[in-house]
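Q: what shape does this take:
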Amino acid sequence: MLDNIFPIFFLIGLVVGSGIRAWYSRKYKQDKTAIFREEGVAVGLLASLWGLAMLIPLFYVFTHWLDFVNYDLPAWAGGVGVVTFAIALWLLWRSHADLGRSWSVTTEIKERHALVTNGVFRYVRHPMYAAHMLWGIAQALLIQNWIAGLASLVIFIPLYLLRVSCEERMMLEQFGEEYRLYMNRTGRLVPRFKG
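A: Presented below is the predicted three-dimensional model:
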């Protein structure tokens, strides 16, 4: 019975996560256009595939066509998935809230762009990517299917690897030594706590 409830938790999380992204997208849509943007073709393609990675689990939940590649995990793994997803959603929300007007879907510098180093950014340079990594792990624990469960991680990991170096290079060009010092005291995805 528990096996059937975990996909419902995933659907709830998907709705909440989509709502967070939609709220902040709409809230800052009126902001000025980018003064600097950098997106490669590979990054654009992978970002487009991210939407597909969100649709595949829906296809799995509402049909039985992917059942032939299901896997079984113990019930506690689903519980870990629920907690991991809750943390991912909190981190996604907090990242958007802390970035404020400096957030955008694409890799860009906006007019009056500020280097954000407070809130969750005090410990992690890319908390939004950390949230998506946790989301992918939670998805694999909640949607126990080799295709639908792993879809987010399969798309996210190469997207992250291609995009993060581009973002950091752009931030170094914009903020110079201030960003270099920030890099030295924070982790990319995992918090770095220094006394």
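
Q: which regions of the chain sit below the pLDDT cut-off?
A: The chain contains residues with pLDDT under 70 at 1-3, 28-47, 102-112, 193-195.

Q: if we go to 80?
A: 1-4, 25-51, 100-114, 192-195 (pLDDT under 80).

Q: quick one, helices of it?
A: Taking DSSP state H as the criterion, the chain carries its helices at 2-27, 41-62, 75-99, 127-142, 151-175, 177-185.

Q: how close does the residue sitting nearest the centre point of the chain get to H96?
A: Geometric centre of the chain, nearest residue: H132, 2.5 Å, by C-alpha atoms, centre = their mean. The gap separating H132 from H96 is 12 Å, by C-beta to C-beta, to the nearest Å. Where C-beta positions appear, they are placed from N, C-alpha and C, glycine not excepted.

Q: from what I see, Q144 and N70 are in contact.
A: Yes: between Q144 and N70 a contact is recorded at 5.9 Å, counting by C-beta atoms under 8 Å.

Q: with neighbour numbers in mind, choose between the two.
A: Q144 (20 against 16; other C-beta atoms under 10 Å).

Q: quick revisit: give me the neighbour count for the closest residue to the residue nearest to the centre of the chain other than its chain neighbours.
A: Nearest non-adjacent residue to H132, counting by C-beta to C-beta, 6 or more residues apart in numbering: F156, 5.3 Å away. Per other C-beta under 10 Å, the neighbour tally for F156 reads 20.

Q: contacts only, for F156.
A: W50, A53, H132, M133, W135, G136 (C-beta atoms under 8 Å, 6 or more residues apart in numbering).

Q: likewise for W146?
A: Taking C-beta under 8 Å, 6+ apart as the contact definition, W146 lies against V69, N70, Y71.

Q: if we use 6 Å, what do you get?
A: V69 (C-beta atoms under 6 Å, 6 or more residues apart in numbering).

Q: so which of the helices of the chain is the most packed in?
A: helix 127-142 (a mean of 23; mean count of other C-beta atoms under 10 Å).

Q: what's the angle from that one to helix 2-27?
A: 160 degrees (axes from the mean of the first three to the mean of the last three C-alpha atoms, to 10 degrees).

Q: mind checking how far Q144 is from I5?
A: From Q144 to I5 the distance is 12 Å (C-beta to C-beta).

Q: buried ones in stretch 182-195?
A: Y182, T186, L189 (16 or more other C-beta atoms under 10 Å).

Q: what sits up against that stretch?
A: T117, Y123, V124, R125, H126, A130.

Q: export stretch 182-190 to PDB, keeping only CA atoms.
A: C-alpha atoms of stretch 182-190 as PDB (Å, rounded to 0.1, in the frame of the first residue of the first chain):
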ATOM      1  CA  TYR A 182      33.000  34.300  -2.100                       C
ATOM      2  CA  MET A 183      34.000  31.100  -4.000                       C
ATOM      3  CA  ASN A 184      36.800  30.500  -1.500                       C
ATOM      4  CA  ARG A 185      34.400  30.500   1.500                       C
ATOM      5  CA  THR A 186      31.400  28.600   0.000                       C
ATOM      6  CA  GLY A 187      30.700  25.200  -1.500                       C
ATOM      7  CA  ARG A 188      29.200  24.700  -4.900                       C
ATOM      8  CA  LEU A 189      26.400  22.400  -3.900                       C
ATOM      9  CA  VAL A 190      27.300  21.200  -0.400                       C
END
